[in-house]
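Engineer: Need a 3D model of the following:
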Amino acid sequence: MAVFEVLAPRRALRFGRQRRWVTNLAIVATDTLLLRVVFPAAAVGVAMWAAANGYGLFALVDAPVWLAAVLGFVLLDFAVWFEHWASHKIPLLWRIHKMHHADPDFDVTTALRFHPLEIIVSMLWKALIVVAFGIPVTAVLVFEVVLNGAAMFNHANVRLPGWLDRALRLVIVTPDMHRVHHSVVVRETDSNYGFNLSLWDRLFRTYTPQPEAGHDGMTIGLSEYQSDAPTGFAWCLALPFRKAVSGSAVTTAAPADPGSVKADREIA
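Structural biologist: Predicted coordinates:
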């Protein structure tokens, strides 16, 4: 995806790659080390433990493995969508999650930029779902691989042909679809929560096809942090503990090139 971004970029980056990439990659390295300590075997290990002890709804009803795997994959996808939605609605969770949104640019490394506290909360939530339903180990492994791959795809700064974007977003979240979620416009930020399957946003009416200002005219990040400060590693880790900064609520998009907006609407 990083190579794809160089070959077919969607937008020009405001702050470039050097400092941002060092910070975002340092964050994912920190997250990985922390997970190895707290959850040595991650969600797959939880699934193995649940299976060995016969825990979960699927085990209780003796569901066929293939059915439990398919349903388990879909359940986990919804669980991640719901957690993401809740992270925007519950103030304490938002304090942790907003580090992800504070990135002033949007590219493949944004997919890796989550506060260590959010990684722990996310893993606890997934572990609860895995144990409650007894989701098969293989389904959990496949889901984790797909989730991480999908996140890097839909956060990538890449330009897809309009026909391909329209076709893909009927099933999965595309970069143009998820980029809307990283807009400074509040009503756009509060939409398109999906990371993999796109059906949840359509089902719960949180789907926004395109940004009002167009993809070239939209502003990425949070209105209160429109500087290079969010590209610093220490700043990112400290953000949940900082006093909340009241940015002006953005309710209308900035003016954009009419041709760009028209093209985006045609894609939608």
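Engineer: pretty sure Pro40 belongs to a helix, no?
Structural biologist: No: Pro40: not assigned to a helix; according to DSSP: H, G, I helix; E, B strand; the rest coil it is coil.
Engineer: neighbours of it, just the number please.
Structural biologist: Using other C-beta atoms under 10 Å, Pro40 has 8 other residues around it. All C-beta atoms are positioned from the backbone trio N, CA, C, and that covers glycine.
Engineer: Over to the one 4 residues further on?
Structural biologist: Val44 is surrounded by 16 other residues when neighbours are defined as other C-beta under 10 Å.
Engineer: my read: it touches Phe143, true?
Structural biologist: No: between Val44 and Phe143 there is no contact under C-beta atoms under 8 Å: 9.6 Å.
Engineer: how many neighbours does Cys236 have?
Structural biologist: Other residues close to Cys236 by other C-beta under 10 Å number 24.
Engineer: what's the closest non-adjacent residue to it?
Structural biologist: Using C-beta to C-beta, 6 or more residues apart in numbering and skipping residues adjacent in sequence, the residue nearest Cys236 is Met99, 5.2 Å away.
Engineer: what helix or strand does Ala43 sit in?
Structural biologist: Assessed by DSSP states H and E, Ala43 sits inside helix 42-53.
Engineer: I meant Trp235, not that one.
Structural biologist: Going by DSSP H and E, Trp235 is in helix 233-238.
Engineer: count of neighbours near Ala131?
Structural biologist: Let me fix one detail, which is that residue 131 is Val and not Ala. Val131 has 17 neighbouring residues, counting by other C-beta under 10 Å.
Engineer: Validate this expectation: Asn192 resides in a helix.
Structural biologist: No: assigned with three-state DSSP, Asn192 falls outside any helix and is coil.
Engineer: Skipping its backbone neighbours, what lies nearest it in space?
Structural biologist: Residue nearest to Asn192 in three dimensions, not counting chain neighbours: His181, with 4.2 Å by C-beta to C-beta, 6+ apart.
Engineer: and the one you found, what is it in contact with?
Structural biologist: Neighbouring residues of His181 by C-beta atoms under 8 Å, 6 or more residues apart in numbering: 188-189, 191-193.
Engineer: 7 Å instead?
Structural biologist: With contact taken as C-beta atoms under 7 Å, 6 or more residues apart in numbering, His181 is in contact with 189, 191-193.
Engineer: centre of the chain versus the lengthiest helix in the chain, how much separation?
Structural biologist: Ranked by residue count and defined by DSSP state H, the top helix of the chain is helix 65-89. Centroid displacement of helix 65-89 relative to its chain, using C-alpha atoms, centre = their mean, to the nearest Å, is 13 Å.
Engineer: tell me the angle that helix makes with helix 42-53.
Structural biologist: Here helix 65-89 points in a direction 130 degrees away from that of helix 42-53 (axes from the mean of the first three to the mean of the last three C-alpha atoms, to 10 degrees).
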